[in-house]
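# Next input, structure requested:
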Amino acid sequence: MLRKLIIGLLVLGFSISAAAKDEREQVQLPELMREHMLSNMRDHLLALEIITRNLAAGEYDTAAETAESRLGMTSMTSHGAAHMAPFMPEPMRTLGTAMHRAASRFAIKAKDAAVEGGLAEAFGALSEVMQQCVACHSGYRVH
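Purely as a prediction, here's the structure:
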C-alpha cells in the first residue's frame, strides 16, 4: 500500500514537472544562426569537460589554453559573436560577454596553479564561467 502511494506521488510529481511552462525568454533567430549558436553551446560544454579533465590530470597550461581559445575573449571571433550579437537581447549579450571574460580570467588562474600549485582559485574561477552559462540558459531559449 505504501509502495503504491509513493509511486503515485512520484508519477504525479513528474506529471506536474512535465506540464510546467518554460518561462525563459524566447529569442528568435534565423535557422542557420540558431544552428550556429547551438553548435557553439555544445562546443562550450565540450570545452568545459576538457578543461576539468585537464585540471584533474594536473595539465594546468593545457586547461588554460583550451579555456582561452574555446571560451575566452579570443574565442569570440571564431564563434561569430559580432554577427550573433544584434539578434540577442542586451542582457543575454551581457551574460555572454561576462562568460567570455570569466573564461579568460580562469585561464590566468589555471596558469598560476601550474606555477604555484593548488587548485582552489582555478576552480573558483571556473565556477564563475559556469555561473554565466547557467544564468543564460536559465533565462533564455532560442527558437
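
# Count the neighbours of Met73 for me.
Using other C-beta atoms under 10 Å, Met73 has 16 other residues around it. C-beta: built from backbone N, CA, C; applies to glycine.

# Could you double-check that it lies in contact with Arg101?
Yes. Between Met73 and Arg101 there is a contact under C-beta atoms under 8 Å: 6.4 Å.

# In the chain, where is pLDDT below threshold?
1-19 (pLDDT under 70).

# Who are the contact partners of Cys133?
His44, Leu48, Met99 (C-beta atoms under 8 Å, 6 or more residues apart in numbering).

# Mark which of those residues are part of helices, please.
Counting by DSSP state H, those place His44, Leu48, Met99 in helices.

# Wait, a strand at Gly118?
No. Counting by DSSP: H, G, I helix; E, B strand; the rest coil, Gly118 falls outside a strand, being coil.

# And it, how far from Leu126?
14 Å (C-beta to C-beta, to the nearest Å).

# Looking at those two, which has the bigger crowd around it?
Neighbours were counted for Gly118 and for Leu126 using other C-beta under 10 Å; Leu126 has more, 25 against 9.

# how near is the more buried one to Glu35?
Note on Leu126: its distance to Glu35, by C-beta to C-beta, is 28 Å.

# can you check Thr77 too?
19 Å.

# for Gly117, same thing?
Separation of Gly117 from Glu35 (C-beta to C-beta): 42 Å.

# Neighbour count: these two, which is higher?
Glu35 (12 against 9).

# what about the residue nearest in space to the middle of the chain, is that helix, strand or coil?
Closest to where the C-alpha atoms of the chain average out (C-alpha atoms, centre = their mean) is Cys133, at 3.3 Å. Secondary structure, three-state DSSP: Cys133 is helix.

# what about the strands in the chain?
With strands called from DSSP state E, the chain shows them at 25-27, 140-142.

# Point out the most buried one among the ones you listed.
strand 140-142 (a mean of 15; mean count of other C-beta atoms under 10 Å).
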